[in-house]
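Asks: sequence-free structure coming up:
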């Protein structure tokens, strides 16, 4: 190779000068004339570079310099100049082939490497690049021929045999590929990779017994390796041959009672036969094995969540497995997080929240656990916890919008409306890509601005929420309700309230809003119908529902019933300046803020 010749010549000159220097030290007593003759004779044996050689070298090293600078275009032009100067410079052809290959200009790459090989057919690197380019062009048969040459040049490099085997498979000749893997095995001995490849190839042509024979080779090679038995049993199990797989799995458990692969396989077999008790017994034993990766355990538990809709009764089995998981991985946050997911799926919100918080005690940087925790705290109206954990979540995830939103919910519940508007506006900035969340933030901002007394801002926030999501029932209801309290735009309020109950027809708050707007519009008969529906769809704990019902009954001349409704509202804790007066006077009075 041209490049090698230059480097070898350079080394030769260095060696020659060193030899001459050594001779000088040994023969220091010789005459000056003899020293001069020796030097002349030594010099006469050195390689002489012609002007043409020097110019070619300069061109080549300039190309290499540009290559180091990553100037691909300049490098290509420079190597082309070398070849133009010397059409036999195969080193430059090799370099050009690699450069064109990197640019995905395969035809140019192929042309250059083919020319290089003509000048140096036994160069290993040239042949490797040639085979690589042929492979990319899907010319597998010719690439196989090149690898035959490569293996002649480097017969002990196992990786090259595997490359050839892969190319043979790409030609579509499975049997020839298997035969070649057998040749590799004769040269290098039994190897797990080769066995696996042959197993795969035999299965591709439906020769299950042949595939099994390959795995049996591994067992014969090392009968103490339990994985080899599992491979064979798994082969039979995946091909619906339990009569062969089960005895092997049972044998494994005789030798290795805690082997989780065998336990899980037998659990699956028992489940398929309908023996769920046996299945859960095997699975629990597997979960009790510390060697079983926690992520695999979580993957199994996630299936109970995934299929909960169809197999709700099996969630109890999942709870048992979750206990085993926590016992074997007591310091892993994921053990508690998945437990929280399972209990949340089963409707046990308090237990779910407990395990989510426990997970956060062990690991603070799993955002999804924070999200689930805050969502549950909000749903369960645990606003003291929500305030605490949302503030902590903001510290850990300052660029996430959701913690600010939940903190805004907590602040609103504690009547810290200005603090709520501050964090909600921060949530607004961070939620630009999440339209659903953005609509919710605008809705809550509308609530807070109403409480502050800024109706203009309140209305604009609801309008923005509805621009994003015209079917946001929460925004439709609250906007309508606050308009009705101000007796402003009642026709619009009625329209929005009606849309809200169309979206959520059994929501007692929304039904109450619609009834109250009908009351404001003087449609008392219809208002009574919807207010009664609001009460029937509630948990009967909200005093406002009964107060409104009394007001509507009064307008429908049902005075005694109205008084009973007002009394019930008072019993349930209604805060009102006029409730006692309404009861005592048996007369409706408008309540003012």
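Replies: Nice, I can see it. Since the structure is predicted, the reported quantities are computational estimates derived from the model, not experimental observations.

Asks: If you count neighbours, what's buried in stretch 329-348?
Replies: Residues of stretch 329-348 classed as buried: 329, 332-346, 348 (neighbour count, 16 or more other Cβ atoms under 10 Å). The way it works is simple: take the backbone N, C-alpha and C, and place the C-beta from them, glycine included.

Asks: okay, now residue 211: neighbour count?
Replies: The number of residues packed near residue 211 is 24, by other Cβ atoms under 10 Å.

Asks: so residue 287 touches residue 329, yeah?
Replies: No: judged on Cβ atoms under 8 Å, residue 287 makes no contact with residue 329 at a distance of 9.6 Å.

Asks: Find residues that contact each of the two.
Replies: Residues touching both residue 287 and residue 329 (Cβ atoms under 8 Å, 6 or more residues apart in numbering): residue 297.

Asks: In helices, which of the buried residues of stretch 329-348 appear?
Replies: 333-345 (DSSP state H).

Asks: biggest separation within these, which pair?
Replies: 333 and 345 (18.7 Å; Cβ to Cβ).

Asks: Can you tell me how far residue 265 is from residue 282?
Replies: 9 Å (Cβ to Cβ, to the nearest Å).

Asks: Run through the strands of the stretch 151-300 of the chain in chain order.
Replies: Assigned by DSSP state E, counting those that start in this stretch, the stretch 151-300 of the chain shows no strands.

Asks: so which strand or helix has the residue nearest the centre of the chain?
Replies: Central residue of the chain (Cα atoms, centre = their mean): residue 368, 12.5 Å from the mean position. Using DSSP states H and E, the element containing residue 368 is helix 367-379.

Asks: With residue 484 instead?
Replies: Counting by DSSP H and E, residue 484 is part of helix 473-485.

Asks: Can you name every helix or strand that whichever helix or strand comes after that helix contacts?
Replies: Using DSSP H and E, the helix or strand that follows helix 473-485 towards the C-terminus is helix 490-503. Helix 490-503 sits against helix 473-485, helix 508-520, with contacts defined as 3 or more Cβ pairs under 8 Å, 6 or more residues apart in numbering; DSSP states H and E.

Asks: export those helices to CSV and tack on mean neighbour count?
Replies: Output for those, formatted as CSV (neighbours: other Cβ atoms under 10 Å):
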stretch, mean neighbour count
helix 473-485, 24
helix 508-520, 25
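
Asks: got TSV for these, with mean pLDDT too?
Replies: Below are the helices and strands packed on helix 490-503 laid out as TSV (pLDDT from 0 to 100):
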stretch	mean pLDDT
helix 473-485	95
helix 508-520	96
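
Asks: The stretch 351-500 of the chain: helices as residue ranges?
Replies: 367-379, 383-396, 401-413, 417-430, 435-452, 455-468, 473-485, 490-503 (DSSP state H, counting those that start in this stretch).

Asks: do the stretch 51-200 of the chain as well
Replies: Using DSSP H, counting those that start in this stretch, helices in the stretch 51-200 of the chain cover 51-68, 72-85, 90-102, 106-119, 124-136, 140-153, 158-170, 174-188, 192-204.

Asks: So residue 509 sits against residue 476, correct?
Replies: No: judged on Cβ under 8 Å, residue 509 makes no contact with residue 476 at a distance of 11.7 Å.

Asks: now residue 114: how far from residue 91?
Replies: Using Cβ to Cβ, residue 114 is found at 15 Å from residue 91.

Asks: sorry, back to before: from the ones in helices among the buried residues of stretch 329-348, which is closest to residue 550?
Replies: Ranked by distance to residue 550 (Cβ to Cβ), those are led by residue 344 at 39.4 Å.

Asks: check contacts around the closest one.
Replies: Here residue 344 is in contact with 352, 372, 376 (criterion: Cβ under 8 Å, 6+ apart).

Asks: rewinding a little: tell me which of the helices of the stretch 351-500 of the chain lies nearest to residue 592.
Replies: Nearest to residue 592 among the helices of the stretch 351-500 of the chain is helix 473-485 (10.3 Å), distances taken as Cβ to Cβ.

Asks: what packs against the closest one?
Replies: Using 3+ Cβ pairs under 8 Å, 6+ apart: helix 473-485 touches helix 435-452, helix 455-468, helix 490-503, helix 508-520.

Asks: need the ones you listed in CSV with distance to residue 102, can you?
Replies: Formatted as CSV, the helices and strands packed on helix 473-485 follow (distance: least, Cβ to Cβ, whole Å):
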stretch, distance to residue 102
helix 435-452, 43
helix 455-468, 48
helix 490-503, 58
helix 508-520, 64
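
Asks: Need the winner for burial among these.
Replies: Of these, the one with the most neighbours on average (mean count of other Cβ atoms under 10 Å) is helix 508-520, at a mean of 25.

Asks: That one packs against which elements?
Replies: Using 3+ Cβ pairs under 8 Å, 6+ apart: helix 508-520 touches helix 473-485, helix 490-503, helix 524-536, helix 543-555.

Asks: okay, the ones you listed in TSV with distance to residue 169 next?
Replies: Listed next are these as TSV, based on distance: least, Cβ to Cβ, whole Å:
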stretch	distance to residue 169
helix 473-485	59
helix 490-503	58
helix 524-536	70
helix 543-555	74
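
Asks: show me what contacts residue 143?
Replies: Applying Cβ under 8 Å, 6+ apart to residue 143 gives the contacts 131, 134, 135, 167.

Asks: and residue 446, which of the helices and strands packed on helix 508-520 is closest to it?
Replies: Closest approach to residue 446 among the helices and strands packed on helix 508-520 (Cβ to Cβ): helix 473-485, 6.4 Å.

Asks: Run through the residues that contact residue 74.
Replies: Contact analysis of residue 74 by Cβ under 8 Å, 6+ apart lists residue 66.

Asks: In contact with residue 297, which residues?
Replies: With contact taken as Cβ under 8 Å, 6+ apart, residue 297 is in contact with 287, 321, 325, 329.

Asks: tell me the two of those residues that are most distant?
Replies: 321 and 329 (12.2 Å).

Asks: Hmm, residue 76 is touching residue 93, no?
Replies: No: Residue 76 lies out of contact with residue 93 (Cβ under 8 Å); the separation is 12.0 Å.

Asks: Nearest to residue 569, out of the helices and strands packed on helix 508-520?
Replies: The closest of the helices and strands packed on helix 508-520 to residue 569 is helix 543-555. By Cβ to Cβ, the value is 3.9 Å.

Asks: list the buried ones in that closest one?
Replies: Residues 543-555 are the ones in helix 543-555 that count as buried (16+ other Cβ under 10 Å).

Asks: Likewise for stretch 363-372?
Replies: Buried residues in stretch 363-372, counted by 16+ other Cβ under 10 Å: 364, 366, 369, 370, 371, 372.

Asks: swap in stretch 267-277?
Replies: 267, 269, 270, 271.

Asks: Now render those residues as CSV, adding distance to residue 248 and pLDDT.
Replies: Below are the buried residues of stretch 267-277 laid out as CSV (distance: Cβ to Cβ, whole Å; pLDDT from 0 to 100):
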residue, distance to residue 248, pLDDT
267, 15, 96
269, 12, 93
270, 16, 94
271, 19, 93
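
Asks: Tell me which of the residues you listed fall in helices.
Replies: Per DSSP H, the subset of those in helices is 267, 269, 270, 271.

Asks: Between the residues you listed, which sits nearest residue 200?
Replies: Set against residue 200, the nearest of these by Cβ to Cβ is residue 269 (23.7 Å).

Asks: Any idea how many residues pack against the residue nearest to residue 168 when sequence neighbours are not counted?
Replies: Closest residue to residue 168 apart from its sequence neighbours, by Cβ to Cβ, 6 or more residues apart in numbering: residue 177 at 4.3 Å. Neighbourhood size, residue 177 [other Cβ under 10 Å]: 22.
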